[in-house]
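K.L.:
Pasting the sequence and the predicted coordinates here, then a few questions.
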Amino acid sequence: MDFELEIDPALAAAVLEIEKHQAAGGWDQPARLYALVDTAELVAHEPALASMLGLDESRERGSLTPIEQEELGVEQELEELLPTISWPQQVAGCAAVVERLVLPPAADGQIPEDPAAAAEFAREHPDRQEVRIVAGVTRHGASYCAVRLRQHDEDASVMGGADLVPSLLALLRATLDDESDESEETP
């Protein structure tokens, strides 16, 4: 059976908002992590903040507000950090931003096993593409990704879809898992 994943419009809007915000800062940025909160709940629980942001409960119902977390340390890759994170129940979802090098499928059999050698291989490959990935998930199981190629660095060229980066989405979903160990770090 062939079917397309249903897209959550609130999540897609939040991911695209994050992508546009990151694009304004240019390339070569560190990884970022965002909590996604229900905007109507934010307005109800933090009216002063909501007022500063120009948010109105009735207008914002059904939307998600991204809240950037403190800058992540450079000593650890995002993919290594995510398994140590657990979000509180008030967080409806989360999103991550990473920049990566991607290689064409033809390079698959040529990539060295050693991670350092693989990274060097990717940096030096003539057909590499630099991309910015914004991936988001919700507690309700929705996912959405936005991908911008450095070579086509314009808003109209941003690609989007529900399952573009499955491995990163799986790591993000695990941070929302209610069964996570209570001793884990919370951002």
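P.N.:
Everything's here; your move.

K.L.:
average model confidence for the top helix by length along the chain?
P.N.:
Ordering each helix of the chain by length in residues (DSSP state H) puts helix 9-24 first. Averaged across helix 9-24, pLDDT comes to 96.

K.L.:
For the protein, which residues score under the pLDDT cut-off?
P.N.:
Judged by pLDDT under 70, the chain has its weakly predicted residues at 1-5, 56-61, 73-76, 178-187.

K.L.:
Show me the helices in it, by range?
P.N.:
Going by DSSP H, the chain shows helices at 9-24, 39-45, 47-53, 57-60, 78-81, 115-124, 166-175.

K.L.:
Identify each buried residue in the second one, please.
P.N.:
It stands for helix 39-45. By 16 or more other CB atoms under 10 Å, the buried positions in helix 39-45 come out as Thr39, Ala40, Leu42, Val43. The way it works is simple: take the backbone N, C-alpha and C, and place the C-beta from them, glycine included.

K.L.:
And for the last one?
P.N.:
Using 16+ other CB under 10 Å as the burial criterion, the residues of helix 166-175 that qualify are Leu168, Leu169, Leu171, Leu172, Arg173, Thr175.

K.L.:
Leaving out chain neighbours, which residue sits closest to the first one?
P.N.:
Computed as CB to CB, 6 or more residues apart in numbering, the closest residue to Leu168 that is not its neighbour in sequence is Ala135, at 4.6 Å.

K.L.:
re the thing from before, what's the farthest-apart pair in the buried residues of helix 39-45?
P.N.:
Greatest spacing in the buried residues of helix 39-45, by CB to CB: Ala40 and Leu42 (7.2 Å).

K.L.:
And the buried residues of helix 166-175, which is closest to Gly161?
P.N.:
Using CB to CB, the buried residues of helix 166-175 come closest to Gly161 at Leu169, 10.8 Å.

K.L.:
residue contacts, the closest one?
P.N.:
Leu169 makes contacts with Ala135, Val137, Ser143, Cys145, Asp163, as judged by CB atoms under 8 Å, 6 or more residues apart in numbering.

K.L.:
my guess is the last one meets Cys145, correct?
P.N.:
Yes. Asp163 lies in contact with Cys145 (CB atoms under 8 Å); the separation is 7.3 Å.
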